[in-house]
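structure here, sequence nowhere to be found:
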């Protein structure tokens, strides 16, 4: 539990949006204690679809700085959004039509409105000949980015810069996350790990001078530094009669540091947290969520690990001699179906074909949707169209829609 005076506690509440039939405001949910009140609200303008399909499409999309400034660019007559980048991004989502979508780099705001504004102003409006899509269920919670730490984390002589926040950011909530879903979200079963402390991870790689590690963070800071640069969420989804868990995160890029490799080490341990979490048992016993509950995922539940994990298995930064993402790709409980695209093959001619085909950005393969091995995957892909495919013009060197590509898988449930 954090100090009530901690600035992070002044951020906006967690938001879960539900259909109109369930619309009401609740007191603090028992599952999240007094950490973040839950709002159950609805702004859906389209009818909630009847979900009978046997296949569920999961996707992750880093939309690149989905800010309130962009969201507020609207047509004064109709109220629909007019920002060109967000319209391209929405067109991609309408083309792929995921049932469950994780968005990275969306600003978390004090009122918890931004995710719903994106749905209402962009996704519920047909884009570039596409069909409108609605997400009646939204999970939108605070993150560590931009929240002042009060420490000079980068040792530049000041303690008030974006690199001095608990997670890199110019203002609280920058580079946040949101989960949009056509299926109900179970708040009592959902867990967040925003306040989990890095030093509580056994064998952590924090450069705190202990056990032969670089002495970058002094003890007063290392005892307070949070592991998650944004947050780690275990979002419980009710799909028919089955519960499936979406494990969402956005680890810090393993660059923009020095020989101490503080960002590379943090990226490694942010990814390691999910590896420990899905392993469960003694390996996950050290993990404590924001409501004080201990341990990892319950045995036998299906899961999807999703997000911009900022680690390429072939060309990315290495910690302890291996890429951080190998902790998940080589995990016995994880299935990697290696989603591919034709557009990446055409765009990355200087990269071996097997690496180019799975790229999700110009930086390589950074974005993932990784199912547990008990889930059957029917299809997968990366939305990086070749020139002869629909919406090829939504991808461009000018970040026309994003500097990342949407990645998706179809799971039979």
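Looks like it came in fine. What you are looking at is a predicted structure, and each value in this text was computed from that prediction instead of being measured. Numbers count the residues shown, from 1 in each chain.

report pLDDT for residue 10.
On the pLDDT scale, residue 10 is placed at 31.

got it, and residue 42?
For residue 42, the pLDDT comes out at 35.

what about the residue nearest to residue 205 when sequence neighbours are not counted, which helix or strand?
Spatially, and ignoring its direct neighbours in sequence, residue 205 is nearest to residue 265 (4.0 Å; Cβ to Cβ, 6 or more residues apart in numbering). Where you see a C-beta, it was placed from the backbone N, CA and C, and this is true even at glycine. Using DSSP states H and E, residue 265 maps to helix 262-279.

what packs against that helix?
Applying 3 or more Cβ pairs under 8 Å, 6 or more residues apart in numbering; DSSP states H and E, we find helix 262-279 packed against strand 232-239, strand 242-249, strand 302-308, strand 318-319, helix 326-329.

so how far is it from its chain's centroid?
Distance, stretch centre to chain centre, for helix 262-279: 14 Å (Cα atoms, centre = their mean, to the nearest Å).

how about it: buried residues?
Buried residues in helix 262-279, counted by 16 or more other Cβ atoms under 10 Å: 262-278.

can you give me the strands for the stretch 1-150 of the chain?
For the stretch 1-150 of the chain, the strands defined by DSSP state E, counting those that start in this stretch cover 14-17, 24-25, 38-41, 55-66, 100-106, 137-140.

other SSEs contacting the last one?
Using 3+ Cβ pairs under 8 Å, 6+ apart as the contact definition, the elements that strand 137-140 packs against are strand 14-17, helix 114-118, strand 176-181.

any idea which of these scores lowest on pLDDT?
Across the helices and strands packed on strand 137-140, strand 14-17 has the smallest mean pLDDT, namely a mean of 62.

quick one, the helix holding residue 265 and strand 302-308 angle?
Interaxial angle, helix 262-279 versus strand 302-308 (axes from the mean of the first three to the mean of the last three Cα atoms, to 10 degrees): 170 degrees.

the most far-flung residue of the chain relative to its centre and residue 144: what is the separation?
Distance to the chain centre peaks in the chain at residue 77, reaching 33.5 Å (criterion: Cα atoms, centre = their mean). According to Cβ to Cβ, to the nearest Å, residue 77 stands 39 Å off from residue 144.

what do you get for residue 193?
Taken as Cβ to Cβ, the span from residue 193 to residue 144 is 10 Å.

so what sits against both of the two?
Residues touching both residue 193 and residue 144 (Cβ atoms under 8 Å, 6 or more residues apart in numbering) are 228, 231.

looking at those two now, which is surrounded by more residues?
Neighbours were tallied for residue 193 and for residue 144 using other Cβ atoms under 10 Å; the higher tally belongs to residue 144 (26 against 19).

contacting residues for that one?
So residue 144 contacts 8, 165, 166, 167, 194, 226, 228, 229, 230, 231 (Cβ under 8 Å, 6+ apart).

all helices for the chain, in order.
With DSSP state H as the definition, the chain shows helices at residue ranges 68-71, 84-96, 114-118, 219-222, 262-279, 326-329, 342-347, 353-356.

which of those sits closest to residue 398?
Residue 398 lies closest, by Cβ to Cβ, to one member of these: helix 84-96, at 9.3 Å.

what's that closest one packed up against?
strand 55-66, helix 68-71.

now do the buried residues in stretch 225-244.
For stretch 225-244, a neighbour-count test (16+ other Cβ under 10 Å) marks 225-237, 239, 244 as buried.

tell me which two of the residues you listed sit farthest apart.
225 and 239 (36.3 Å).

which stretches of the stretch 51-200 of the chain have low pLDDT?
Within the stretch 51-200 of the chain, the segments meeting pLDDT under 70 span 51-53.

mind redoing it with 90?
The model of the stretch 51-200 of the chain has pLDDT under 90 over residues 51-54, 110-111.
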